[in-house]
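# please find the sequence and the predicted model below.
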Amino acid sequence: MEPARPARVERRLAAILAADVAGYSRLIEANEESTLSRLKALRAEVIDPKIAAHTGRLVKTTGDGLLVEFASVVDALRCAAEIQAALAERNAPLPADKRIDLRIGLNMGDIVVEDGDIFGDGVNVAARLEGLAEPGGICVSARVREDAAGRLDLGFEDMGDQALKNITRPVRVYRVVIAARPAMPQAGTPLALPDKPSIAVLPFQNLSGDPEQEYFADGMVEEITTALSRIRWLFVIARNSSFTYKGKAVDVKQIGRELGVRYVLEGSVRKAGGRVRITSQLIDASTGAHIWADRFDGALDDIFELQDQVASGVVGAIEPRLRQSEIERAHRKPTESLDAYDLYLRALALRDIHTDESMREAIALLRQALAIDPNYVPAKAAIGWSRIHQRSHGRNPVSEADTAEAVAYAREAIEAGKDDPDALFMAAFTLLYLGGDLAVAATAVDRALALNPNSAHAWMVRGYVSLPHPDIAIEAFERAMRLNPFDRLERGFICGIAVAHLLARRYEQALDWSLRALREQPSYPAALRAKAVACAHLDRVEEAREAVRQLLDLQPWNTIARTAQFYARLFGSQEAAAVYTEGLRKAGMPEE
């Protein structure tokens, strides 16, 4: 009789994700029932769906951890990044002791499969990498970094060779930087393409023969950009960056390199009487080849349906395989009154000029729109957005009555505009900036991002909402900058990063970012204030005092008392506000 052959051991190469809950024992001790309930909800609503979406296999779970196998490194890393991003958003409004953070380790290696479980060196390394990760962070091996490099919009920080417990050889470890934004490129330097279809909608030509109709063509582009942005698998460059090419004869290949997109949509609008004609063409920016072109004619009453048709045609051209899928579009008209819509578009054309006069004119136009249609949600939200710019840039403070009106309109906009991402992010910022309602603002901007994940300004608002957690705020501001690299409001993104560094007591970095914002706009009050605070805490008192002198020349109403009240409301903490008040006091700002 032949001796029995040993059972064949199944081995395979796999990407292994190991994760556990940071501070699990502390959370259980503080409130066992609540912690277990929240973990169950996170598994059901975030973690398990992400694993399934990226074709992972959940091997096993423990009380505070889990082990997942993937066939692809890219799928594993994308899944890990999306889980951490989703958890960060959920945690942002919570105090530090209530947050549930995961630490994740990723490795690519040989595994042994037995009865559905997996073993081996590849698994052990993933578990040790998870132990090196920070709460909310991801650590990966060199093999994972090599296989994923250039395929995801992620950065990697080299942690060097690490001696891992029970692993005989040193392992090169990298920390993943989620939504990392590379240094701003020099002119002409190509941006890396995202890992999903990317598009920029260029300014449409106004062929109406009437310069006064320029705002109509610009508004049309904004509406089409928004419609495309609602499609989650598209990476859409924001309107402000695309509009830097307005009136310029620029080669589409150059635009693709400078904006970091594969596709460019260009076209024209002709409005005459009660009719409108939209022509558009989609171009592959890497080759200059025309992929698709079409013309849409219709009555002005059908203008919103025409915008949807343009968006749908572009989507079908970029990803033919999805032609049979139902493309999510906005079927709803913003308002039944085209007069009100025209007034709103005119106000948007004024909103980014940032002078006292332009803001007053914009608000007057929005009031006219509301007089025609009292339920026009975007106009209500835009009034608060304009008041924010008045307060941050204006020479005179916004009155209590105007502030109260803006906050009331913002609450109405959130209640009525649950499917309008622009209205939601504008209203969220108003409630945060003017109303001090951090919790409602966070919920509203999260809803806006769920509807339109490509909204640079919504990511900016998410950054300001997240300032109590500076590093999360910085990630949001960086995401906004990548989506809108040429935005005229980029100083707002940059200054937000400066403020986040201030709150983290990283004063050198805060000064660097405030100076960068001032290079964009030397008279930017928020950046001057951040510079003064950073310099004061660095004992560069004369520079701090000079920044305050410049600030008071622009806004004589600034005082320590006003600053303390405003920043305590914005940051949700007297301690955080003290970073500003102590610095500004040292820099010589008046007390009252």
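Alright, I've got the coordinates.

# can you map out the strands along the stretch 1-150 of the chain?
For the stretch 1-150 of the chain, the strands defined by DSSP state E, counting those that start in this stretch cover 10-21, 57-61, 65-70, 102-114, 117-119, 138-141.

# what's the most buried one of those?
Stretch with highest mean neighbour count among the strands of the stretch 1-150 of the chain: strand 138-141 (a mean of 28; mean count of other CB atoms under 10 Å). (Glycine included, C-beta is placed from N, CA and C.)

# confidence score at the nearest residue to Arg516 once chain neighbours are set aside?
Spatial nearest neighbour of Arg516, excluding adjacent residues (CB to CB, 6 or more residues apart in numbering): Ile494 at 5.3 Å. According to the prediction, Ile494 has pLDDT 91.

# count of residues packed around Ile494?
Neighbour count of Ile494, defined by other CB atoms under 10 Å: 25.

# now do it against Ile118, distance only.
46 Å (CB to CB, to the nearest Å).

# likewise Ile474?
Taking CB to CB, one finds Ile474 at 36 Å from Ile118.

# next one: stretch 278-289 to chain centre, how far?
27 Å (CA atoms, centre = their mean, to the nearest Å).

# using CSV, list the CA coordinates for that stretch.
Extracted in CSV, the C-alpha atoms of stretch 278-289 (Å, rounded to 0.1, in the frame of the first residue of the first chain):
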residue,chain,number,x,y,z
ILE,A,278,-26.2,74.8,-27.5
THR,A,279,-23.4,73.2,-29.5
SER,A,280,-20.7,71.2,-27.8
GLN,A,281,-17.9,68.8,-28.6
LEU,A,282,-15.9,66.5,-26.5
ILE,A,283,-12.1,66.2,-27.2
ASP,A,284,-9.5,63.7,-26.0
ALA,A,285,-6.9,66.2,-24.7
SER,A,286,-4.1,63.7,-25.0
THR,A,287,-4.5,63.3,-28.8
GLY,A,288,-6.7,66.2,-29.8
ALA,A,289,-9.1,63.8,-31.4
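
# rounded mean pLDDT for the longest helix along the chain, please.
Longest helix in the chain, counting residues (DSSP state H): helix 73-91. When pLDDT is averaged over helix 73-91, the result is 89.

# which among the strands of the stretch 1-150 of the chain is found nearest to Asp420?
Closest to Asp420 of the strands of the stretch 1-150 of the chain is strand 102-114 (CB to CB; 32.6 Å).

# got the domain boundaries for this structure?
Taking automatic domain parsing as the reference, the chain has its domains at 10-178, 198-322, 454-592.

# which one of the ones you listed has the lowest average pLDDT?
The weakest mean pLDDT among the domains of the chain belongs to domain 198-322, with a mean of 73.

# ok now that one, how far from the chain's centre?
Distance, centroid of domain 198-322 to centroid of chain: 22 Å (CA atoms, centre = their mean).

# go on, stretch 565-575?
Here stretch 565-575 is found 23 Å from its chain centre; the criterion is CA atoms, centre = their mean.

# and that stretch, what's buried?
Under the neighbour-count criterion of 16 or more other CB atoms under 10 Å, stretch 565-575 has 566-572 buried.

# now do the phi/psi pair for Gln555.
When read as degrees, to the nearest 10, the backbone of Gln555 gives phi -140, psi 90.

# for it, what are its contacts?
Neighbouring residues of Gln555 by CB atoms under 8 Å, 6 or more residues apart in numbering: 394-395, 525.

# same check on Leu152?
Listed by CB under 8 Å, 6+ apart, the contact set of Leu152 reads 74, 77-78, 81, 195.

# where do the strands sit along the chain?
10-21, 57-61, 65-70, 102-114, 117-119, 138-141, 154-162, 171-178, 198-201, 205-206, 235-236, 263-272, 275-284, 289-299 (DSSP state E).

# how much space between Gly105 and Glu130?
In this view, Gly105 and Glu130 are 3 Å apart by CB to CB.

# so what sits against both of these two?
18-19, 139.

# quick one: contacts for the residue nearest the centre of the chain?
The centroid of the chain falls nearest to Trp459 when counting by CA atoms, centre = their mean (2.8 Å). The neighbours of Trp459, taking CB under 8 Å, 6+ apart as the test, are 449, 476-477, 479-480, 483.

# would you point out the most distant pair within the residues you listed?
Leu449 and Phe477 (13.8 Å).

# pretty sure the residue nearest to Arg516 contacts Arg519?
No: Ile494 sits out of contact with Arg519 when judged by CB atoms under 8 Å, with a separation of 9.1 Å.

# let me know the closest of the buried residues of stretch 565-575 to Val59.
Closest approach to Val59 among those (CB to CB): Gly572, at 40.3 Å.

# is it true that the closest one touches Val465?
No: with contact defined as CB under 8 Å, Gly572 does not reach Val465; the gap is 9.8 Å.

# which residues do those two both contact?
Leu438.

# and the gap between Asp446 and Ala439?
To Ala439, Asp446 is 11 Å away according to CB to CB.

# those two: which has the busier surroundings?
Shown here are Asp446 and Ala439; by other CB under 10 Å, Asp446 has more neighbours (20 against 13).

# for the more buried one, which non-adjacent residue is closest in space?
Using CB to CB, 6+ apart, the nearest residue to Asp446 is Glu89, at 6.0 Å.

# how near is the one you found to Leu164?
31 Å.

# JSON lines for the buried residues of stretch 565-575, including distance to Pro374?
Formatted as JSON lines, those follow (distance: CB to CB, whole Å):
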{"residue": "Phe566", "distance to Pro374": "31"}
{"residue": "Tyr567", "distance to Pro374": "35"}
{"residue": "Ala568", "distance to Pro374": "35"}
{"residue": "Arg569", "distance to Pro374": "29"}
{"residue": "Leu570", "distance to Pro374": "30"}
{"residue": "Phe571", "distance to Pro374": "35"}
{"residue": "Gly572", "distance to Pro374": "33"}
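
# closest to Leu36 among those residues?
Gly572 (27.8 Å).

# could you report the neighbour count for Ala88?
Around Ala88 there are 20 other residues, counting by other CB under 10 Å.

# name the nearest residue to it, sequence neighbours excluded.
Ile472 (5.2 Å).

# go on, Arg549?
Distances taken as CB to CB, 6+ apart put Gly588 closest to Arg549, at 7.9 Å, once the chain neighbours are dropped.

# just to revisit the earlier point, any of the contacts of Gln555 buried? List them.
394, 525.

# for the contacts of Leu152, which PyMOL command selects only the ones that are buried?
Buried subset of the contacts of Leu152, written as a PyMOL selection, criterion 16+ other CB under 10 Å:
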select buried, resi 74+77+78+81
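
# distance to Tyr376 for the contacts of Leu152 - can I get that in a markdown table?
Below are these laid out as a markdown table (distance: CB to CB, whole Å):
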| residue | distance to Tyr376 |
| --- | --- |
| Val74 | 44 |
| Leu77 | 44 |
| Arg78 | 39 |
| Ala81 | 38 |
| Asp195 | 38 |
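
# wait, which of the contacts of Leu152 is closest to Ser268?
For the contacts of Leu152, the minimum distance to Ser268 (CB to CB) is 32.0 Å, reached by Asp195.
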